[in-house]
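**Student:** what's the 3D shape of this:
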Amino acid sequence: MKKLILFDLDNTLFDSRSFRKSVFDKIGNFYSKETTALKIAHICEEIYNEFIIEFGLFYPEMFSERLSKRIGKKVERNDISKLIFDKRTFKDHFHEDVWSTLRTVSKIGEIGIFSQGDTRFQHAKLAHLDQLISKGRIHITTNKRSKMIEVLQKYNTYKIFYVDDMLPYLYEAKKLMPNIRTVWIKRGRYAQNQKDIPDFKPDATITNLKEVIKMVAA
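**Tutor:** Just a heads-up that it's a prediction; the model follows:
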């Protein structure tokens, strides 16, 4: 049977926290200096958290307008876009265990992505992984739950390993497809604050992505 290793993106492969710090510091320095720059970077993080609460994801295109209102200074969308979508910045913020793990796993099965987020933003991150992700296996949505059954059913002839930092999505996947192998990677703020889900335990709980290799190879 063919194997599909379906990875979440943020926190699972991509270090969202370190990326935000880097970009928000750059935005702060772009619009101000020293103490005020740190304040702007902090405001950027507050706005990010507001987006997560309101929409469940971050919208870069809406960010400049909200930042303008908060700092009382005109923030150009093009300037913000250049700072956020700098290709070099994305490449620097994948977790260290990603590259070797994906290279090895790609020799065993097909690699797919199932991510919730802004389409342009997520594809910009994934551009650096193009050669490792199987063609046609990228699934990005603004609502993971609503698309889960559609995505999983595409691979009903595969042995699926689904790796995510968010336990509720693994739980939903297991309910929809009991034979799926659910792998919870405990990193990122969601994983660290996640409460147990009654009557559900993922097939594996890991802290380093390299642990996936043995599971897939077995």
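**Student:** okay, CA-based contacts and neighbour counts for the rest of this
**Tutor:** Will do.
**Student:** Would you tell me what the next helix or strand after the longest helix seen in the chain is?
**Tutor:** Longest helix in the chain, counting residues (DSSP state H): helix 34-55. Downstream of helix 34-55, the next assigned helix or strand under DSSP states H and E is helix 60-71.
**Student:** and that following helix, how far from the chain's centre?
**Tutor:** With CA atoms, centre = their mean, to the nearest Å as the basis, helix 60-71 stands 22 Å off its chain's centre.
**Student:** Packing partners of that helix?
**Tutor:** helix 34-55, helix 77-84 (3 or more CA pairs under 8 Å, 6 or more residues apart in numbering; DSSP states H and E).
**Student:** how about the last one: buried residues?
**Tutor:** To tie it back to what came earlier, the one meant is helix 77-84. Using 16 or more other CA atoms under 10 Å as the test for burial, helix 77-84 gives 80, 83-84.
**Student:** Look up which helix or strand residue 74 falls in, please.
**Tutor:** Using DSSP H and E, no helix or strand contains residue 74.
**Student:** got the contact list for residue 51?
**Tutor:** Residue 51 sits next to 57-59 when contact means CA atoms under 8 Å, 6 or more residues apart in numbering.
**Student:** Kindly reformat those residues as a markdown table containing neighbour count.
**Tutor:** What follows is the contacts of residue 51, written out as a markdown table (neighbours: other CA atoms under 10 Å):
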| residue | neighbour count |
| --- | --- |
| 57 | 17 |
| 58 | 21 |
| 59 | 17 |
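**Student:** What is the nearest of these to residue 42?
**Tutor:** Residue 42 has its nearest neighbour among those in residue 58, at 15.8 Å by CA to CA.
**Student:** What's the separation between the closest one and residue 84?
**Tutor:** Look at residue 58 and residue 84: by CA to CA, to the nearest Å, they are 12 Å apart.
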